[in-house]
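Asks: starting from these lines, generate the structure:
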Amino acid sequence: MENLGVGLLLMGVGMVTVFCILLIVIYGSRLIISLVNKMAPEAEAAPKASFDARPILEAAVAQLTGGKGRITKITEL
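Replies: Predicted coordinates for the structure are as follows:
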């Protein structure tokens, strides 16, 4: 019966230890994330390049259809 008590005590101490370590990991990672977000500059979005894709698409359609097909409407998705 003495071994059962020692086993339960050891299990309780182990579970509490794991719980405390997990709490340290969780709150430590939250702290590090908040510090990095405050210190690191926010990345600026690159300006969107604007170009006319119609000639490229017309050339592709002409090559695929042997010059018989044509583009009537282009819509952006």
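Asks: every contact and neighbour count from this point should use C-alpha atoms.
Replies: Noted.
Asks: got a pLDDT number for Met11?
Replies: The per-residue pLDDT reported for Met11 equals 97.
Asks: any idea which helix or strand carries it?
Replies: helix 2-39 (DSSP states H and E).
Asks: now that helix, how far from the chain's geometric center?
Replies: Averaged C-alpha coordinates place helix 2-39 at 26 Å from its chain's average position (CA atoms, centre = their mean, to the nearest Å).
Asks: now do stretch 68-77
Replies: Here stretch 68-77 is found 34 Å from its chain centre; the criterion is CA atoms, centre = their mean.
Asks: how far does it stretch from start to finish?
Replies: With CA to CA, to the nearest Å as the measure, stretch 68-77 spans 26 Å from end to end.
Asks: residues making contact with it?
Replies: Glu58, Val61, Ala62 (CA atoms under 8 Å, 6 or more residues apart in numbering).
Asks: so how far is Asp52 from the last one?
Replies: In this case it means Ala62. With distances defined as CA to CA, the gap from Ala62 to Asp52 amounts to 17 Å.
Asks: circling back to that earlier point, what's the closest of the contacts of stretch 68-77 to Met11?
Replies: In terms of CA to CA, no member of the contacts of stretch 68-77 lies closer to Met11 than Val61, at 71.4 Å.
Asks: which ones are touching the closest one?
Replies: Gly67, Gly69, Arg70, Ile71.
Asks: go with 10 Å
Replies: Contact partners of Val61, counting by CA atoms under 10 Å, 6 or more residues apart in numbering, are Pro55, Gly67, Lys68, Gly69, Arg70, Ile71.
Asks: may I ask which helix or strand encompasses it?
Replies: In this structure, Val61 is located in helix 54-65 according to DSSP H and E.
Asks: so the residue nearest the centre of the chain versus Ile24, what's the distance?
Replies: The structure's the chain has its C-alpha centroid closest to Ile33; by CA atoms, centre = their mean the separation is 14.6 Å. Taking CA to CA as the measure, Ile33 falls 14 Å from Ile24.
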